[in-house]
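Asks: Sequence below, structure please.
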Amino acid sequence: MSGNPAFEAAAEAAAERLGAEHLRALAERLGGGWPEEAVRHAVPVPGFAESAGAVLAAQRADGVPDVEAAAYLRGLAAGYGQRSAAMRIESVWSGPSSHPVPVRSTAQVLVELVGAARHELLLMTYSAKSFPPLLAVLTAAIDRSVRVTVVVETLAGAGSALGGAEPAAAFATVAGIHLWHWPVDQRAERGAKMHAKIAVADRRLLLVSSANLTQSGAGKNIEAGLLVRGGSAARRAAEHVDELKARGVLARLRVGR
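Replies: Residues are numbered from 1 along each chain as shown. Sure thing, here's the model as predicted:
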């Protein structure tokens, strides 16, 4: 396809944001002659309607027929599917380094992952304390219109295991973060903890680590993690959290109210 720059750019952006599977769903609705509203809501995940709407608007602007547009999206999805299938996994460590075995630091990888986000960012942590390098890149992410969601443990949820200020207070200086938590009344067993520690950028990069979002976790302690690029792990992690929100297992955290 040539001579349709707006449509091609919107399709590329949708592929980056949605991934191959959801792009194919968009193509099937478009090629099947579905109404625009049904095309825009073909997949009920955050960001899909926005990306699909941008593709449809660009399609109209360039005058691309539905059949041709759907074929292009299917081909694009196939290409992205092959690329994403090539999974790369990299080990990430906090704490002392070992020169004979070079590894990347948790702090470096975390900052780079946040900096790579263009649409959405998900962080989950048990404990959190002010960590200036992370707060700086989170502020920059929000400034470029990235939707930032942080799921944290609460003092009530942690019981006596955490003290001091609420973990959510670590993000108080960054306006625009969407804070979530696991309410105590949603925990089936007494003493259950919100102990996950992950970071997901645009559903394509996933960091799973033992490190909390603290200075000690990112730098001082010996902590280990994996950075996953490609495959479906990042998307699946984000979709799992979406489902927990939709079912009310996770709830918005209203700090100071």
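Asks: tell me, which helix in the chain spans the most residues?
Replies: Counting by DSSP state H, the longest helix found in the chain is helix 66-85.
Asks: so what does whichever helix or strand comes after that one touch, helix or strand wise?
Replies: Once the chain leaves helix 66-85, the next helix or strand it forms, by DSSP states H and E, is strand 88-94. The contact analysis (3 or more Cβ pairs under 8 Å, 6 or more residues apart in numbering; DSSP states H and E) places strand 88-94 against strand 104-105, helix 106-116, strand 223-229. C-betas here are computed from N, CA, C, even on glycine.
Asks: The longest helix of the chain: which residues count as buried?
Replies: For helix 66-85, the neighbour count (16 or more other Cβ atoms under 10 Å) marks Asp66, Ala69, Ala70, Tyr72, Leu73, Arg74, Leu76, Ala77, Tyr80, Ser84 as buried.
Asks: looking at this structure, which helix or strand is least sure?
Replies: helix 66-85 (a mean of 86; mean pLDDT, DSSP states H and E).
Asks: which residues touch that one?
Replies: 1, 7-8, 11-12, 14-15, 19-21, 23-24, 26-28, 30-31, 33, 55, 59, 64, 204, 230-232 (Cβ atoms under 8 Å, 6 or more residues apart in numbering).
Asks: quick one, helices of the chain?
Replies: Here the chain has its helices, by DSSP H, at 5-18, 20-31, 36-40, 48-62, 66-85, 106-116, 132-143, 155-158, 215, 233-246.
Asks: now the third one: how far from the chain's centre is it?
Replies: By that I understand helix 36-40. 24 Å (Cα atoms, centre = their mean, to the nearest Å).
Asks: for it, what is the average pLDDT?
Replies: Throughout helix 36-40, pLDDT has a mean value of 93.
Asks: Run through the neighbouring helices and strands of that helix.
Replies: Applying 3+ Cβ pairs under 8 Å, 6+ apart, one finds that helix 36-40 makes contact with helix 20-31, helix 48-62.
Asks: So which of those helices is the most surrounded?
Replies: Counting by mean count of other Cβ atoms under 10 Å, helix 20-31 has the highest mean neighbour count of the helices and strands packed on helix 36-40, with a mean of 21.
Asks: residue contacts, Ile177?
Replies: Contacts of Ile177 (Cβ under 8 Å, 6+ apart): Leu138, Ile142, Val148, Thr149, Val150, Phe171.
Asks: ok, it to Ala224 distance?
Replies: Remark: distance between Ile177 and Ala224 (Cβ to Cβ, to the nearest Å) = 26 Å.
Asks: likewise Leu18?
Replies: Distance, Leu18 to Ala224, using Cβ to Cβ: 31 Å.
Asks: Pick out whichever of those two has more residues nearby.
Replies: The residue with more neighbours, out of Leu18 and Ala224, is Leu18; 26 against 15, by other Cβ atoms under 10 Å.
Asks: who's in contact with the more buried one?
Replies: Residues near Leu18 by Cβ under 8 Å, 6+ apart: Leu26, Val43, Gly47, Phe48, Ser51.
Asks: ok, which pair from these is furthest apart?
Replies: Leu26 and Gly47 (12.0 Å; Cβ to Cβ).
Asks: of the contacts of Ile177, closest to Ala165?
Replies: Minimum distance to Ala165 across the contacts of Ile177 is 11.3 Å, recorded for Phe171 (Cβ to Cβ).
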